[in-house]
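Q: no sequence on hand, only this structure:
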């Protein structure tokens, strides 16, 4: 992975693009890698794919192939789709107010 691009940068870019496109559209991990990786985007692909599945495990996105959700051991091209409502109970993307 290029030194100038961290996993946190790639994670943030995947989330940014996915949220921008919404749950009715998908993105390829390469969209995020190209967006922040410049000429070295191909080096980011293993990390982009891994991070996509980490985000799916957190319930923030779905990872799909041919429209069906898939597990991290799937081979071939995948797509990432924003999840409007996080799947995990108690998961909050914004801090809650204290009583």
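A: Structure received. Model, not experiment: these values are computed from the prediction.
Q: from now on I want contacts and neighbour counts done on CA atoms only, so please keep to that.
A: Will do.
Q: where exactly do the helices run in this protein?
A: For the chain, the helices defined by DSSP state H occupy 7-21, 29-37, 41-57.
Q: mean neighbour count and mean pLDDT for those helices - can I get that in TSV?
A: What follows is the helices of the chain, written out as TSV (neighbours: other CA atoms under 10 Å; pLDDT from 0 to 100):
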stretch	mean neighbour count	mean pLDDT
helix 7-21	17	97
helix 29-37	20	97
helix 41-57	19	97
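Q: next, format those as CSV and append distance to residue 64.
A: Output for the helices of the chain, formatted as CSV (distance: least, CA to CA, whole Å):
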stretch, distance to residue 64
helix 7-21, 13
helix 29-37, 11
helix 41-57, 10
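Q: residue 63 is nearest to which of those?
A: helix 41-57 (6.4 Å; CA to CA).
Q: so what touches stretch 66-76?
A: Outside stretch 66-76, the residues that touch it by CA atoms under 8 Å, 6 or more residues apart in numbering are 50, 53, 62-64.
Q: and it, how far out from the chain middle?
A: Chain-centre distance of stretch 66-76: 14 Å, with CA atoms, centre = their mean, to the nearest Å.
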